[in-house]
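J.: Got a predicted structure plus its sequence, pasted below:
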Amino acid sequence: MGEFFLASDDESALRVGPRRSHDFPAVRCDGIYPDDAVWRWEAQLTGAESTLRHVVPMANDGFTVFAVPEPLCTALVTAGGERLRAEARAWAEAASEPDDEISPDNAMDLLERVSALASIRAEKHLELYCWYFAP
């Protein structure tokens, strides 16, 4: 259970979670480990891996909120549709954990929707975050 979302700052991001309603633009990301996905997307699109900045570090309850790294946000905005499709296929093939499998179609849908959030982020000067519960 998780969600990529836009917020103005870390303080606003702290108020988001599974039992808290909000009106931020958001994309659900259930059935995957979003932190692993972000690392893979960034490695595939930029050739680098940033350290995730946790706004809410994961504790015993398995809940976390992290900021999506700037290099990945920029890469998502500048990558064309063909590049995103290729990266989504590669990610779907690489996602081999039993609880972290995703079909190529679902991978493409999620990556396109997160890319759209990254574009809104740039236009409105917001930050892109993700919250999730680890199983």
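T.: Ah, there it is. Numbers count the residues shown, from 1 in each chain.
J.: CA atoms for contacts and neighbours, from now on please.
T.: Fine.
J.: Can you check the pLDDT for the residue lying farthest from the centre of the chain?
T.: In the chain, the greatest distance from the average C-alpha position (CA atoms, centre = their mean) is reached by residue 60, at 21.7 Å. According to the predicted model, the pLDDT of residue 60 comes to 80.
J.: What's the separation between residue 65 and residue 45?
T.: The gap separating residue 65 from residue 45 is 22 Å, by CA to CA, to the nearest Å.
J.: Of those two, give the one with the bigger neighbour count.
T.: In terms of neighbours (other CA atoms under 10 Å), residue 65 is the more surrounded of residue 65 and residue 45; the figures are 27 against 20.
J.: hang on, that one in a helix?
T.: No - the assignment for residue 65, made by DSSP: H, G, I helix; E, B strand; the rest coil, is strand rather than a helix.
J.: and the closest residue in space to it that isn't next to it in sequence, bridged to which residues?
T.: Of all residues beyond its chain neighbours, the one nearest residue 65 is residue 131 (4.2 Å), with distances taken as CA to CA, 6 or more residues apart in numbering. Beta-bridge pairing of residue 131 under DSSP bridges involves residue 3, residue 65.
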